[in-house]
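1. Any chance you could fold what I've pasted below:
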Amino acid sequence: MSTPPLAASGMAPGPFSGPQAQQAAREVNTASLCRIGQETVQDIVYRTMEIFQLLRNMQLPNGVTYHTGTYQDRLTKLQDHLRQLSILFRKLRLVYDKCNENCGGMDPIPVEQLIPYVEEDGSKNDDRAGPPRFASDERREVAEVNKKLKQKNQQLKQIMDQLRNLIWDVNAMLAMRN
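-> As a prediction, the model looks like this:
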């Protein structure tokens with residue numbers, strides 16, 4: 001099943017045109033680069049585990065010629081894994097640089113603003129009830145309440161100390177009177 005070319009019919013290619021198409025292609029490209037980067041990291045971890053497995057099973061060359069063939073085979077595998085690992089790290093660096101280049105113009109959004117606030121009754125704030133409250137706003141409110149609570153606790157402590165001193169003085173006067 002083939003589709004006729006859209007450029008010949010005079011229609012715009014795809015649902016987006018102009019800068020929107022470039023933006024959508026850039027987002028897809030960055031997302032696919034991130035997926036490639038994730039797969040590369042998984043390959044790096046897998047290769048590193050294989051390297052440690054080879055090193056654990058490898059016997060050190062101490063002059064004994066008993067396992068020279070296996071030692072050489074494992075040494076060759078180890079060198080191959082190390083070479084592939086360096087290639088994977090170079091690939092990861094390229095993907096990282098390209099992603100940073102694609103996302104260079106974007107403003108970073110703090111993670112706290114991406115987490116919506118959930119009310120105590122378990123229902124999320126929705127747009128109908130007003131603007132959503134974010135975790136950063138909630139954290140700021142909690143800090144203010146904690147500050148006020150500490151001030152009140154200090155006042156209560158001072159009042160308790162004053163009452164304790166007053167009771168002490170009254171008891172001392174009663175003891176002197178008797």
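2. from here on, contacts and neighbour counts on C-alpha atoms
-> Fine.
3. okay, now the domains of this protein?
-> Residue ranges of the domains in the chain are recorded as 28-106, 140-177, according to the TED database.
4. In a markdown table: these, plus distance to Pro116.
-> Rendered in a markdown table, the data for the domains of the chain read as follows (distance: least, C-alpha to C-alpha, whole Å):
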| stretch | distance to Pro116 |
| --- | --- |
| domain 28-106 | 21 |
| domain 140-177 | 14 |
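5. least reliable of those going by mean pLDDT?
-> Between those, the one with the least mean pLDDT is domain 28-106; it has a mean of 84.
6. before we move on, back to that, what's the closest of the domains of the chain to Ile115?
-> Between Ile115 and the domains of the chain, the tightest spacing by C-alpha to C-alpha is seen for domain 140-177, at 14.3 Å.
7. Just give me the neighbour total for Ala172.
-> 11 (other C-alpha atoms under 10 Å).
8. What of Leu33?
-> 19.
9. just to revisit the earlier point, between the domains of the chain, which gets nearest to Gln113?
-> With respect to Gln113, and counting by C-alpha to C-alpha, the nearest of the domains of the chain is domain 140-177 at 12.4 Å.
10. looking at the domains of the chain, which is buried most?
-> Burial of the domains of the chain is given as mean neighbour count (mean count of other C-alpha atoms under 10 Å); domain 28-106 ranks first at a mean of 14.
11. what ranges do the helices span in the chain?
-> Listed in chain order, the helices of the chain (DSSP state H) span residues 6-9, 19-57, 68-102, 111-114, 135-177.
12. Could you figure out how far the third one is turned away from helix 19-57?
-> This points to helix 68-102. Angle between the axes of helix 68-102 and helix 19-57 is 160 degrees (criterion: axes from the mean of the first three to the mean of the last three C-alpha atoms, to 10 degrees).
13. Which secondary structure elements does helix 68-102 sit against?
-> Contacting helix 68-102 under the criterion 3 or more C-alpha pairs under 8 Å, 6 or more residues apart in numbering; DSSP states H and E are the following elements: helix 19-57.
14. Show me what the helix it packs on is packed up against.
-> Using 3+ C-alpha pairs under 8 Å, 6+ apart, the elements in contact with helix 19-57 are helix 68-102.
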